[in-house]
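**Student:** need a structure here:
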Amino acid sequence: MTYCVGLLLNDGIVMLSDSRTNAGVDSISTFGKMYVWEKPGERAIVLTTAGNLSLSQTVVTLLKEGFTDEEGKSCDLNQAASMFEAAGMVGAAIREVARRDGEGLKQQGVEPNLSMLLGGQIGAKPHELYMLYYAGNFIRATIDTPFLQIGEIKYGKPILDRVITPETPLVQAAKCALVSMDSTLRSNISVGLPLDLAILPKGDLKFALRKRITEQEPYFASIRGLWGEGLRKVFLTIPDPDWGV
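**Tutor:** Got it, this is the predicted structure:
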């Protein structure tokens, strides 16, 4: 499994993904799950994946090389005119891979599963964030729902619910995403370092930051310590219940 989160903010987009892939407790590997298409000044697009690794890598390969969808339309993220069109291309790639490989996986007893987050900005069009499903359909992040998650989402969601709004500055949003990831790392062995972080400011049409975070990253290590210590301090300030126990 994995954990990926995308944040849609007034100031831009933040995306974070882990890199652990496992086929059991004795078979753990590291594979990056973040992919980028960038032409500075024209477009900046980032895609993160969760689910079956072979399916997701095949989808990304189709998107990198370009392909023709079921309606005969050429699909190339470097040619998409908007993020909505880009999301449609990713959905078409997912459906194509499902058509090719989905039934074969089922015959081998493997239930195919795949989900993706797609964020970015193209030209003067708005910056947008989408979540795509195995059927190739998708939803878009909104002001009411400014973040989307895929993979092991439950452990990292509470901090996002309490902190993230569209007005959250990019740097603070990145910090919140890292706290969300730390909560997931602590609670689920199927999510692991290193992490990949991307920050895209609105209107820049290029990434302000693309960073791989390892166990040796001092800032992430400080977050892990300070967040746990801070939670314990806040817990101790809450009065005990006066229930006569």
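
**Student:** just how off-centre is the longest helix belonging to the chain within its chain?
**Tutor:** Longest helix in the chain, counting residues (DSSP state H): helix 218-237. With C-alpha atoms, centre = their mean, to the nearest Å as the basis, helix 218-237 stands 24 Å off its chain's centre.

**Student:** which neighbouring elements make contact with that helix?
**Tutor:** Secondary-structure packing of helix 218-237 (3 or more C-beta pairs under 8 Å, 6 or more residues apart in numbering; DSSP states H and E): helix 170-187. To be clear about C-beta, it is placed using only N, CA and C from the backbone, and glycine gets the same treatment.

**Student:** got the buried residues for the helix it packs on?
**Tutor:** Across helix 170-187, burial judged by 16 or more other C-beta atoms under 10 Å covers 170, 173-185.

**Student:** related to what we said a few turns ago, just want the angle from the longest helix of the chain to helix 170-187.
**Tutor:** For helix 218-237 against helix 170-187, the angle by axes from the mean of the first three to the mean of the last three C-alpha atoms, to 10 degrees is 70 degrees.

**Student:** pLDDT averaged over helix 218-237 - what is it?
**Tutor:** Helix 218-237 carries an average pLDDT of 95.

**Student:** could I have that helix exported to PDB, CA atoms only?
**Tutor:** Output in PDB follows, covering the C-alpha atoms of helix 218-237 (Å, rounded to 0.1, in the frame of the first residue of the first chain):
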ATOM      1  CA  PRO A 218      16.900  16.900   9.600                       C
ATOM      2  CA  TYR A 219      13.600  18.900   9.200                       C
ATOM      3  CA  PHE A 220      11.400  15.800   8.900                       C
ATOM      4  CA  ALA A 221      13.200  14.200  11.900                       C
ATOM      5  CA  SER A 222      12.400  17.300  13.900                       C
ATOM      6  CA  ILE A 223       8.800  17.200  12.900                       C
ATOM      7  CA  ARG A 224       8.500  13.600  14.100                       C
ATOM      8  CA  GLY A 225       9.900  14.500  17.500                       C
ATOM      9  CA  LEU A 226       8.200  17.800  18.000                       C
ATOM     10  CA  TRP A 227       4.800  16.600  16.900                       C
ATOM     11  CA  GLY A 228       4.700  13.600  19.300                       C
ATOM     12  CA  GLU A 229       6.000  15.800  22.100                       C
ATOM     13  CA  GLY A 230       3.500  18.500  21.400                       C
ATOM     14  CA  LEU A 231       0.600  16.000  21.400                       C
ATOM     15  CA  ARG A 232       1.600  14.600  24.800                       C
ATOM     16  CA  LYS A 233       1.800  18.200  26.200                       C
ATOM     17  CA  VAL A 234      -1.600  19.100  24.900                       C
ATOM     18  CA  PHE A 235      -3.000  15.800  26.200                       C
ATOM     19  CA  LEU A 236      -1.700  16.600  29.700                       C
ATOM     20  CA  THR A 237      -3.400  20.000  29.700                       C
END
